[in-house]
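**Student:** predicted model follows, preceded by the sequence.
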Amino acid sequence: MAHVVVLGAGIGGLPAAYELRSALPKEHRVTVVNRGETFHFVPSNPWVAVNWRKRNDIEFPVREHLARKGIEFVPVGAKRLQPKENRLELDDGRLLSYDYLVIATGPKLAFDEVPGLGPEGHTQSVCHVDHAVGAGQAWAKFVADPGPVVVGAAQGASCFGPAYEFAFIMDAELRKRKIRDRVPMTFVTPEPYIGHLGLGGVGDSKGMLESEMRDHDIKWITNAKTERIEAGMLHAVEFDDLGKEKRRHELAFKYAMMLPAFKGVDAVAGIEGLTNPRGFILIDEHQRNKAFPNVYAVGVCVAIPPVEQTPVATGAPKTGYMIESMVTAAVQNIAAQVAGRQPATRATWNAVCLADMGTTGIAFVALPQIPPRNVNWSSDGKWVHLAKVAFEKYFLSKMKRGSSEPVYEKVIMGLLGIRKLKG
């Protein structure tokens, strides 16, 4: 009998547990370890931050849903992975042994890399539902006494979509309240140009997003390194295309949301052979770590090099559709190992993103994510906003049902009408 442990119950971990339970014979155990009792749908956090959603709209307890599928659940965080001993040390001192491990922790948010960054400093965040709730409370105070807004991402960030989404969502809410004229807005990003997205651009993402930002009167600063943030003031240095300092900016704000860079979580950071210097899990083409071949990783915790070198550091994003393909590959390869076969399945690493803009949206399709690509396409319209709302409901429903069917492949590719283009 094999015991497979999934570390994390997020967008990668929960589907991994369901797929493992479906793929493995019943005599094998599947256990989910997670810091806390709940799952929350991260892509909806920007809506929570302007109070378009409440916490309980996008979050639910997972224990009963896992139990119905015969999956064990340990709602305790991992203190340290001990891969040589095939076990996890938990925060409460327990040791949990495994035969196979799927690491799906998501990232550690590196707010500490910029003085004053983050909810414990002077800016809001939409990276976690706790942060989004706090951002929503700050937003309610802000709209009663509006002023300048700064939004964007710090150097080293890899997930830029939510920053763009939040800028346009704030714009839509401010216009609805008829106070947009009282809110100058500046987008600050380490990307070399608007629409780079950590992907080197997707289709005409540069032209489309620049046009939308002009239409919505959002100023921008690219190639920007955020030096520090004080109460009501963001200090940034803008660089030219050769990486030389071009201009220094002092941006006053009454409300700011800046995404941080990501790192690997403390439980795995610094383990030789397992992680890179920033704590991300090193994997082969089968989602498996070479030093510890019974350890797999999926999602944001996976080490992926930047798509290209940029004057200010940017990382490569891991989108939901890409994560889903990682999960399916890892599950099929574990099932193969349990059955005595060698892993053979590879993730597609395709990127499909629906970016909401409040009343409209932009869809990006990069197949595969890392250039050169078979498909490199973007499009916009109200249909993207409606598609993202529908997808949120479908995904949450799937997680509560415990379905093991891939949802991004079925829903997003269908909505975009490009099933035939999958790579």
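**Tutor:** In hand now; what should we look at?

**Student:** just the helices in this structure please.
**Tutor:** In the chain, the helices defined using DSSP state H lie at 13-23, 45-49, 55-58, 63-68, 129-144, 161-176, 205-215, 320-338, 382-401, 407, 413-416.

**Student:** run a quick neighbour tally on Val331.
**Tutor:** Neighbour count for Val331, taken as other C-beta atoms under 10 Å: 28. In short, each C-beta sits where N, CA and C put it, glycine included.

**Student:** chain neighbours aside, what residue packs nearest to it?
**Tutor:** Glu19 (4.3 Å; C-beta to C-beta, 6 or more residues apart in numbering).

**Student:** surely that neighbour is in contact with Ser325?
**Tutor:** No: the criterion here is C-beta atoms under 8 Å, and Glu19 misses it with Ser325 at 11.7 Å.

**Student:** hang on, the earlier thing: look at the residue nearest to Val331 and report its pLDDT.
**Tutor:** Glu19 is assigned a pLDDT of 97 by the prediction.

**Student:** I'd like to know how far it sits from Ala335.
**Tutor:** 9 Å (C-beta to C-beta, to the nearest Å).

**Student:** neighbour count winner among the two?
**Tutor:** A count of neighbours by other C-beta under 10 Å puts Glu19 above the other of Glu19 and Ala335, at 25 against 22.

**Student:** which residues does the more buried one contact?
**Tutor:** By C-beta atoms under 8 Å, 6 or more residues apart in numbering, the contact list for Glu19 reads 327-328, 331, 404.

**Student:** now render the residues you listed as CSV, adding distance to Glu238 and pLDDT.
**Tutor:** Below are these laid out as CSV (distance: C-beta to C-beta, whole Å; pLDDT from 0 to 100):
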residue, distance to Glu238, pLDDT
Val327, 39, 97
Thr328, 42, 96
Val331, 45, 98
Ser404, 47, 86
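
**Student:** pick out whichever of those sits closest to Lys79.
**Tutor:** Each of those was scored against Lys79 by C-beta to C-beta, and Val327 proved nearest at 24.7 Å.

**Student:** any idea how far Gly152 is from Ala256?
**Tutor:** Gly152 is 9 Å from Ala256, where distance means C-beta to C-beta.

**Student:** when those two are compared, which one has more neighbours?
**Tutor:** In terms of neighbours (other C-beta under 10 Å), Gly152 is the more surrounded of Gly152 and Ala256; the figures are 29 against 25.

**Student:** surely that one meets Ala163?
**Tutor:** Yes: the pair Gly152 / Ala163 is scored as a contact, 5.3 Å apart, by C-beta under 8 Å.

**Student:** my read is that Pro184 contacts Val151, right?
**Tutor:** No: the criterion here is C-beta under 8 Å, and Pro184 misses it with Val151 at 11.6 Å.

**Student:** ok, the two, which is more surrounded?
**Tutor:** Shown here are Pro184 and Val151; by other C-beta under 10 Å, Val151 has more neighbours (30 against 18).

**Student:** measure that one to Pro371 for me?
**Tutor:** Separation of Val151 from Pro371 (C-beta to C-beta): 27 Å.
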